[in-house]
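Participant: The sequence isn't on hand, but the structure is:
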């Protein structure tokens, strides 16, 4: 009795990028691309998810940082205005 082990296919990054491009850029269904290229649908689905997730995460983080930066600039401007008002009021009280 012999047991035949399942061999796993390793695909290079170029092959994966091409497969993802067919789905994302060309709009072809995952099932059709997987069948044409001889890969499993779950594998192709995972490649597509991994290729789009980081961009979404980065874009979201950039938007959050831009909003935080805008709020901090406003706070700084308000603080500078307050300092100027305080300087003027101190000057008025110090005058003889």
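Facilitator: Nice, thanks for sending it over. On a predicted model such as this, the values are computed, not experimentally measured, just so you know.

Participant: Going along the chain, name the helices of the protein.
Facilitator: Taking DSSP state H as the criterion, the chain carries its helices at 13-24, 30-37, 41-94.

Participant: mind putting those in JSON lines, mean pLDDT and mean neighbour count included?
Facilitator: All C-beta spots, glycine's among them, are computed from the backbone N, C-alpha and C. JSON lines is the format used below for the helices of the chain (pLDDT from 0 to 100; neighbours: other Cβ atoms under 10 Å):
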{"stretch": "helix 13-24", "mean pLDDT": "94", "mean neighbour count": "15"}
{"stretch": "helix 30-37", "mean pLDDT": "94", "mean neighbour count": "15"}
{"stretch": "helix 41-94", "mean pLDDT": "91", "mean neighbour count": "11"}
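
Participant: Count the neighbours of residue 39 for me.
Facilitator: 18 (other Cβ atoms under 10 Å).

Participant: Let's see the pLDDT reported for it.
Facilitator: Note for residue 39: predicted pLDDT of 94.

Participant: That one against residue 11, yeah?
Facilitator: Yes: under the criterion of Cβ atoms under 8 Å, residue 39 makes contact with residue 11 at 7.0 Å.

Participant: what touches both of those two?
Facilitator: Residues within reach of residue 39 and of residue 11 at once, by Cβ atoms under 8 Å, 6 or more residues apart in numbering, are residue 19.

Participant: okay but residue 22 is in contact with residue 28, surely?
Facilitator: Yes: at 5.0 Å, residue 22 counts as touching residue 28 under the criterion of Cβ under 8 Å.

Participant: With that, I have no additional questions.
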